[in-house]
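> quick check, what structure comes out for this input:
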Amino acid sequence: MTVSTQGMQIKSSSRVASELVELLSSMRFAISLLTVICIASVIGTVVKQHEPANNYVNQFGPFWADVFGSANLFSVYSAWWFLLILAFLVLSTSLCIIRNTPKIFSDFRAYKENIREQSLKAFPNRAEAALDETPEVAANRIGQTLLSAGWKVKLQSRDTAAGTGWMVAAKKGVANKIGYLAAHSAIVLVCIGGLLDGDLIVRTQMWFNGKTPFTGGGLIADVPVQHRLSANNPTFRGNLLVTEGTTASTAILAQPTGVILQDLPFSVELKKFIVEYYDTGMPKLFASDIVIHDHETGEKKEARVEVNHPASHRGINIYQSSFDDGGSKVTLQAMPINGPAKPFEVSGVIGSSSALTNGDEKMTLEFTSLRVINVENFSEVAGASGVDVRKVDLRTAIEARLGSGHKSVTEKVLRNVGPSITYKLRDAAGQAIEYHNYMLPMELDGARMYLLGMREATSETFRYLRVPADAQDSMDDFVRLRSALADPLMRQEAVRRYVVSAVEEGKPQLAEALQASASRAIGLFAGAEEVELITASGAEDRSPVKGGLQAVSAFLEMNVPEPERERASDVLVRILNGTLFELMQISRERAGLAPLERNETTQRFMTSSVISLSDAFFYPAPMTFKLKDFEHVQASVFQVARAPGQNIVYLGCLLLIVGIFAMLYVRERRVWVWLAPAGERSSQAQMALSSNRKTMESDQEFDVLKSQLLKVKP
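Take a look at the predicted model:
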């Protein structure tokens, strides 16, 4: 039987109806739908689904984000057009099966023994031979030989002019046609299971039961009934967040315009959440010890949920999806970085916010996230951009790339650098800048540094300000130096002390000139004086620079001729470093601390401090918040699903495997042997073999059969 691509032909007075049925039941239409579904699935794989709208705007821009959103490309698998295509694919494939099944079963039972003698000569695999036995005896012998080899055989006698002839018809591998039915039935079952376990049932309830997505905020218990689905909902898939020591019984089903709440027939209590990490810092185990409280019977059932090891109750599976912060309590200490703000402490809970006031400026501090473990790569070559030719070793390079697949060409030095806090500072206009600060200093380039990160958009990477740690591993010395730099009287006293230490007595003119230079240098560095920087666009376009080494550099470019600029900059930087060292000593005196000793450690600290003070002028906030203390509370995110189509999909997958193996690895073969009388005790035999696939195995099998049945040497 040849499977036709044409559709079902029906007799109807309406030409449109007959053509529509023919189109829907045709194989070409089903293949076209399957192609569209494959393309849509590729889009759903490449484009992240169900992300916040701002993420898509940042990735594609406002125009294309709106266009893609209108086409439901951000929720492909629940889009109305995707579900409609699935439904038409089910209909089309079902009609194809209905159309071809009678033909397949008819062909499955048929031996085609009525084939004409002349037709056997048209087959590629054919043979003729004279046998020393009557047609009836030869037919019985050939039939028994084929039966013993696993063929199904049918004998037919025919009256001819020369006497009674016999046709031997045999077939083997007819299960190949079952593969067609199994594979196409699998497509139908998988699509039906996808429709049942997808968003179709929820959409149906929204269309006909008046259910609408919820777009507001507040407590889950206060959400009205029109935004909730019954616990008897036959199919759903949602997320359930449970904090340690609490219970939850309402899942959240994400929708394009909001959320739908799904009430569960039980509550989930999270006793403990367990997470283990690899050396790389990646989690290797998520596990939740839970207690399931049945609402109807009051039964309590303890269970552990791990990734790929769900718990089940009342036909609802509970999967370990991820983990989140469950409302950790944090205490932050405000440290002045780029302004005259005074240190203070603020406490809050992750996910909450706190109002701040900076004079007339009002800001909101949003506690975004707490990470207890941060593993970073500290290998020496992690940031290297060049290659030392003296270290090139061909043998080592080859061996580094041989062996097991997990070997890395560059060895990683992984180290846990401790907790970090992420927060946002939002101004009165609603504009927010995100900050990411580490709780502990880390050693970078031989010095211990605090890293203070910031970014203006979530699509950007964090840029970090490095603040040197003092001898007590704190930021106190740097903060005192920054506050002293903003005080004109302390700057003046630092200049006086530097001049006294640098100029011998009896040289008033030199002391006066040095004092003027030191005052100008530290004034420029502190931002007390503004200087204009000539940009590349021309002398008319001037950009003001305030504070830091960039202000000192701009002053030199504007006032010192280029041939003398290098020597002048060296002198001015040495004066600036000396003045800042005296300023540090003054700040420590006023704090009741001993002065710093003049040694290599102090010099490294002061060098790093000067660079950090210069970079601090670009820090967008007057203060930074350092994580002082925290109480970590974890939460587990479960995916709860009632999936009646799951078993249907499993059955479809099984049929698909059976169908593919049947169509690819089972060859249908048919053999005919016509035995015509050629004398009193002899007959003339004509043999032919057909196969649904022309292969070398078919030729070899025909040669074997020819020698066995016709006694002809191959």
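> is residue 321 in a helix, a strand, or coil?
strand (DSSP: H, G, I helix; E, B strand; the rest coil).
> what about it, how many neighbours?
17 (other C-beta atoms under 10 Å). (Each C-beta comes from the backbone N, C-alpha and C, glycine too.)
> is it in contact with residue 639, as I believe?
Yes - using C-beta atoms under 8 Å, residue 321 is in contact with residue 639, at 4.4 Å.
> between those two, which contacts overlap?
By C-beta atoms under 8 Å, 6 or more residues apart in numbering, residue 321 and residue 639 have these common neighbours: residue 239.
> mind checking how far residue 578 is from residue 511?
14 Å (C-beta to C-beta, to the nearest Å).
> what segments of the stretch 151-300 of the chain are helices?
175-197, 200-208 (DSSP state H, counting those that start in this stretch).
> so can I have CSV of those showing mean pLDDT and distance to residue 497?
Shown next, in CSV, are the helices of the stretch 151-300 of the chain (pLDDT from 0 to 100; distance: least, C-beta to C-beta, whole Å):
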stretch, mean pLDDT, distance to residue 497
helix 175-197, 88, 77
helix 200-208, 84, 75
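> please name whichever of those helices is nearest to residue 146.
helix 175-197 (17.4 Å; C-beta to C-beta).
> pull the helix or strand with minimum mean pLDDT from this structure.
helix 394-400 (a mean of 52; mean pLDDT, DSSP states H and E).
> how about stretch 82-102: buried residues?
By 16 or more other C-beta atoms under 10 Å, the buried positions in stretch 82-102 come out as 82-83, 85-86, 88-97, 99-100.
> kindly report the same for stretch 627-640.
627, 630, 633, 634, 635, 636, 637, 638, 639, 640.
> could you do stretch 666-685 as well?
666, 668-678, 683-685.
> neighbours of residue 424, how many?
15.
> equivalent analysis for the one 3 residues further on, please.
By other C-beta under 10 Å, the residues close to residue 427 number 13.
> pretty sure it is touching residue 363, no?
Yes - taking contacts as C-beta under 8 Å, residue 427 lies within contact range of residue 363: 5.7 Å.
> show me the beta-bridge partners of the nearest residue to residue 162 once chain neighbours are set aside.
Nearest residue to residue 162, sequence neighbours excluded (C-beta to C-beta, 6 or more residues apart in numbering): residue 677, at 4.9 Å. Beta-bridge partners recorded for residue 677 (DSSP bridges): residue 683.
> would you mind listing the buried residues in whichever strand in the chain runs longest?
Secondary structure of the chain per DSSP state E: the longest strand is strand 258-277. The neighbour-count check on strand 258-277 (16+ other C-beta under 10 Å) flags 259-270, 273 as buried.
> now do stretch 578-590
Here stretch 578-590 shows 578, 579, 580, 581, 582, 583, 584, 585, 586, 587, 588 as buried, counting by 16+ other C-beta under 10 Å.
> which of the residues you listed sits closest to residue 207?
residue 587 (70.0 Å).
> contacting residues around the closest one?
So residue 587 contacts 477, 480, 481, 483, 484, 490 (C-beta under 8 Å, 6+ apart).
> how far does the strand or helix carrying it sit from the chain's center?
Using DSSP states H and E, residue 587 falls within helix 562-590. With C-alpha atoms, centre = their mean, to the nearest Å as the basis, helix 562-590 stands 51 Å off its chain's centre.
> now swap in stretch 626-642 and tell me
Using C-alpha atoms, centre = their mean, the offset of stretch 626-642 from its chain centre is 20 Å.
> likewise stretch 502-516?
66 Å.
> ditto for stretch 144-156
58 Å.
> can you give me the buried ones in it?
Applying 16+ other C-beta under 10 Å to stretch 144-156 flags 145, 146, 151, 153, 155 as buried.
> which one of these sits closest to residue 530?
residue 151 (100.4 Å).
> doesn't residue 317 belong to a strand?
Yes - checked against three-state DSSP, residue 317 lies within a strand.
> for it, give me its contacts.
So residue 317 contacts 310, 311, 640, 641, 642, 643 (C-beta under 8 Å, 6+ apart).
> quick check, the fourth one in a helix?
No - assessed by three-state DSSP, residue 641 does not belong to a helix; its assignment is strand.
> my read: it touches residue 321, true?
No - using C-beta under 8 Å, residue 641 is not in contact with residue 321, being 10.5 Å away.
> hmm, back to that, would you format the contacts of residue 587 as a markdown table with secondary structure included?
As requested, those are arranged in a markdown table below (three-state DSSP):
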| residue | secondary structure |
| --- | --- |
| 477 | helix |
| 480 | helix |
| 481 | helix |
| 483 | helix |
| 484 | helix |
| 490 | helix |
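> most neighbours out of these, which is it?
Neighbour-wise, the contacts of residue 587 (other C-beta under 10 Å) top out at residue 481, 26 neighbours.
> distance of it from residue 526?
11 Å.
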